[in-house]
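1. Pasting the sequence and the predicted coordinates here, then a few questions.
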Amino acid sequence: MVQEYHVIYKTGRLSERAYEAIKERILSLELRPGQFVNEQGLCAMVGMGRMPVHQAVHRLMTDGLLEIMPRKGIIIGPDSLNEVLTGLEARSVLEPHITALAADRARPEQIEAMERVLAQSRRIVDQRFRREFMELDRHFHQAVAEASGNHVLVDVQRPLHERSARIWSLVVMRHADGLRLTQEEHEAVLEAIKRRDQEAARQAMQNHLASLRQRVKEGADFN
């Protein structure tokens, strides 16, 4: 029984590693939208066995990042303009409320963690580091969600953010001003949280997401 539990636990840890490894390749566009892959190829890519990769694939399907096509394989989810805008619309419903809660509940160490993330991203507001900036963007939004003190909202926010993360594949986000605007909007969110101003925090996040949607609508152009 102990041995069986150990095997299940080990498999679970490997599945989590496989999930994160494949997801990172999807969000960074190493695996392209619309690309067909198979489990054998994914196993080779992440250096893991079939079982953890199989479990990871099903989690990623639930997240909306890929689809399993019978008799064809696995297709990386498309990043159509509609898909990106739909994801941002869903986030606009949820994240401003999360941010207001963070302004009320964030602990000092959580605010310090957000400050560290923005200090890092402030140094790389340059398209040469767009991939690194994208990762810090994910960490910032995750840190805000965790500061809300509501683990259910954290669990809901994470896949929503990741489903819209391929906004980074849009040419509009490759313009120099795209990263600068995102950095400034993040700074406004953090300042409101630090002031414990719930309404200002809510509005700052709403403004950030509205800005993203507007930029996408005005200049969307896919690779």
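-> Done, it's in.
2. could you give me the average pLDDT of stretch 184-198?
-> Taken as a whole, stretch 184-198 carries a mean pLDDT of 98.
3. which SS class is E30?
-> With DSSP: H, G, I helix; E, B strand; the rest coil as the basis, E30 sits in coil.
4. my bad, should have said A119
-> The three-state assignment at A119 reads helix, by three-state DSSP.
5. One more: I68?
-> The three-state label for I68, taken from three-state DSSP, comes out as strand.
6. so it bridges to which residues?
-> I74 (DSSP bridges).
7. OK, contacts around it?
-> Taking C-beta atoms under 8 Å, 6 or more residues apart in numbering as the criterion, I68 is in contact with V57, H58, M61, I74. Using the backbone N, CA and C atoms, a C-beta is placed for each residue, glycine as well.
8. Just the buried positions in the helix or strand encompassing the third one, please.
-> Yep, that's M61 we're talking about. M61 belongs to helix 50-62 when elements are defined using DSSP states H and E. Within helix 50-62, the residues that qualify as buried by neighbour count (16 or more other C-beta atoms under 10 Å) are P52, V53, Q55, A56, V57, R59, L60.
9. same check, this time on stretch 124-143
-> Buried, per 16+ other C-beta under 10 Å, within stretch 124-143: 124-125, 130, 133-143.
10. swap in stretch 35-46?
-> V37, E39, L42, C43, M45, V46.
11. and these, which of them are in helices?
-> E39, L42, C43, M45, V46 (DSSP state H).
12. give the contact list for the fourth one.
-> What it means is M45. Contacts here follow C-beta under 8 Å, 6+ apart; on that basis M45 touches A21, I22, R25.
13. That one and T86: what is the separation?
-> Using C-beta to C-beta, to the nearest Å, we find M45 at a distance of 28 Å from T86.
14. Now do the SS call for the residue most central in space within the chain.
-> Note on the chain: the residue nearest the mean C-alpha position is E162, at 3.2 Å, using C-alpha atoms, centre = their mean. At E162, secondary structure determined by three-state DSSP is helix.
15. now K217
-> helix.
16. on that earlier part again, average model confidence for the helix holding M61?
-> For helix 50-62, the per-residue pLDDT averages 91.
17. tell me what that helix is packed against?
-> With contacts defined as 3 or more C-beta pairs under 8 Å, 6 or more residues apart in numbering; DSSP states H and E, the packing partners of helix 50-62 are helix 2-27, helix 39-46, strand 66-69.
18. Relative to L181, which of these is closest?
-> Distances from L181 to each of the helices and strands packed on helix 50-62 were compared using C-beta to C-beta; the shortest belongs to helix 2-27, at 20.3 Å.
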